[in-house]
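Undergrad: Structure for the following, please:
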Amino acid sequence: MDRMPDSRAYRDLSFWMDTVDDDLVPGPPLDADTEADVAIAGAGFTGLWTAYYLKKADPALRVAVCEQEIAGFGASGRNGGWCSALFPASLSKLDRMAGRDGAIALYRAMQQTVDEVGKVAAAESIDCHFAKGGTIELARSPLQVQRARESVEEARAYGFGEDDLRLLSAEEARSFACATGVLGGTYTPHCAAIHPARLARGLARFVRGLGVSLHEKTPVTAIEPGRLVTPGGTVRAPFVIRATEGYTPLLPGLHRAIVPVYSLMIATAPLPDSAWEQIGLADRPTFGDFRNLIIYGQRTADGRLAFGGRGAPYHLGSAISPGFEREPAVFAALRQTLADLFPVLKGVDVTHRWGGPLGIPRDWCASVGLDRETGLGWAGGYVGDGVATTNLAGRTLRDLVLGTSSELTSLPWVGHRSRSWEPEPLRWLGVNAGLRVMTLADRTEARTGRPSRAAAWTHRLLGR
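TA: Take a look at the predicted model:
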């Protein structure tokens, strides 16, 4: 991957990185062999939360984190800012994997994790603009209304009530977001809008204060039992944790562990009160709808609308490059979709355009674990739902490293192993075909009003 040359380039990574109260100057890299009790590859949310909870549990632990750029460089500093209880595997899929009780326990743990992030941010004075306004998912066609009903029915089947997810009438949905064509929707309170880069950079500062050795500009070239290898030196430790998410395929032997798929975003200029009166989102709920190709948005603390979606192509060989973060056609589609949802935004200034890779495992199920024989641990495969899930991963890795048996270590994603993705070019063909099918499915469904069989087939093929 190309190297970032200076702090200005880091600010250009996203609206979030451009608006942190931070000079974004990398800290000292690792320049000699060293020893630690726990070595972590990656200073995104997973690595930072793991370091935080380990040092809080045992301040004497020597924790070293190696990051190839700066803390928050990857998805942690570029995502949609949804600190949500979403988990990439559905309740029914987790039920099939590990049983009903385990599925429910994991979803309840995710709900609690949203509040945990807010509590830590407040306790450690990290101003990440945390606003627990929930999530409104809009239904803008009869087919989407049916999907909304089905999502609520699944929640009820597993004992989740109105306080967890409720079906909305058209009027109720419009009271949250005054989008065009709204026929209904769902609402859950289990989500907070945040400024993700402020959280990531704040966590990095705080863990340094706890005594964590955070080595920026230190790319990890190999993860092996007992050691984490970098060009500047080797960190020897009994526990070595992989927290590299979308960048995992760059590591030896892991090129088929996940696929890096790009998600892109735009942010408007700050909007006047008159515009917000027409848009809604008064309590800063995050929002999306029930189309096949995911969209997501939030009202930022400074009055912008940050909006993103999938659709950028997967690149052969799990390639990652800054050039892939700029897809003019996707940015244009995002702007058109935003204007379609909220006509008042037609022609509004867009001040920031950005993107980055997220990690998708073959079975669309995130996992966390630790092999005590080798000392190798991991967490990831969040499929874009990582802002809160990383916190749960960090607390779980703390317990696994310390040998503590807890409710967290018994959750069904602990120790889960996704099978490898297919070799190329099958991987490239399959992932991009899936993206294309979802795009066409939305157009077909809008025209016919019937669910896309191709989209349903693609979900099954990709293990969802």
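
Undergrad: For my notes, confirm Leu358 occurs in a strand.
TA: Yes: assigned with DSSP: H, G, I helix; E, B strand; the rest coil, Leu358 falls within a strand.

Undergrad: Okay, and the residue nearest to it when sequence neighbours are not counted sits in which element?
TA: Distances taken as Cβ to Cβ, 6 or more residues apart in numbering place Gly384 nearest to Leu358, at 4.6 Å, with adjacent residues excluded. Yep, even glycine has a C-beta here, placed from its N, CA and C like the rest. Gly384 belongs to no helix or strand when assigned by DSSP states H and E.

Undergrad: and Gly384, how many neighbours?
TA: A total of 22 residues lie near Gly384 under the criterion other Cβ atoms under 10 Å.

Undergrad: and it, what pLDDT?
TA: Here, the pLDDT recorded for Gly384 equals 96.

Undergrad: quick one: contacts for it?
TA: Ala75, Asn79, Gly80, Pro88, Ser263, Ile294, Leu358 (Cβ atoms under 8 Å, 6 or more residues apart in numbering).

Undergrad: Strands - which of those residues land there?
TA: Ser263, Leu358 (DSSP state E).

Undergrad: how about the contacts of Gly384 in TSV, adding neighbour count?
TA: As requested, these are arranged in TSV below (neighbours: other Cβ atoms under 10 Å):
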residue	neighbour count
Ala75	28
Asn79	29
Gly80	26
Pro88	20
Ser263	24
Ile294	16
Leu358	25
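
Undergrad: Just the closest of the contacts of Gly384 to Ala455, please.
TA: Using Cβ to Cβ, Ile294 comes nearest to Ala455 of those, at 12.4 Å.

Undergrad: So that closest one sits against Leu334, correct?
TA: No: because the distance of 11.7 Å does not satisfy Cβ atoms under 8 Å, Ile294 is recorded as not touching Leu334.

Undergrad: any residues in contact with both of those two?
TA: Gly309.

Undergrad: Secondary structure element holding Tyr348?
TA: No, residue 348 isn't Tyr; it's Val. With DSSP H and E as the test, Val348 turns up in no helix or strand.

Undergrad: again but with Phe206, I slipped
TA: helix 196-210.

Undergrad: for that helix, which positions count as buried?
TA: Using 16 or more other Cβ atoms under 10 Å as the test for burial, helix 196-210 gives Pro196, Ala197, Arg198, Leu199, Ala200, Arg201, Gly202, Leu203, Ala204, Phe206, Val207.

Undergrad: residues near the nearest residue to the third one once chain neighbours are set aside, how many?
TA: This means Arg198. The spatial neighbour of Arg198 that comes closest, neighbours along the chain excluded (Cβ to Cβ, 6+ apart), is Cys128 at 4.5 Å. Cys128 has 27 neighbours, counted by other Cβ under 10 Å.

Undergrad: my guess is Cys128 is in a strand, correct?
TA: No: assigned with three-state DSSP, Cys128 falls outside any strand and is coil.

Undergrad: Right, I'll leave it there.
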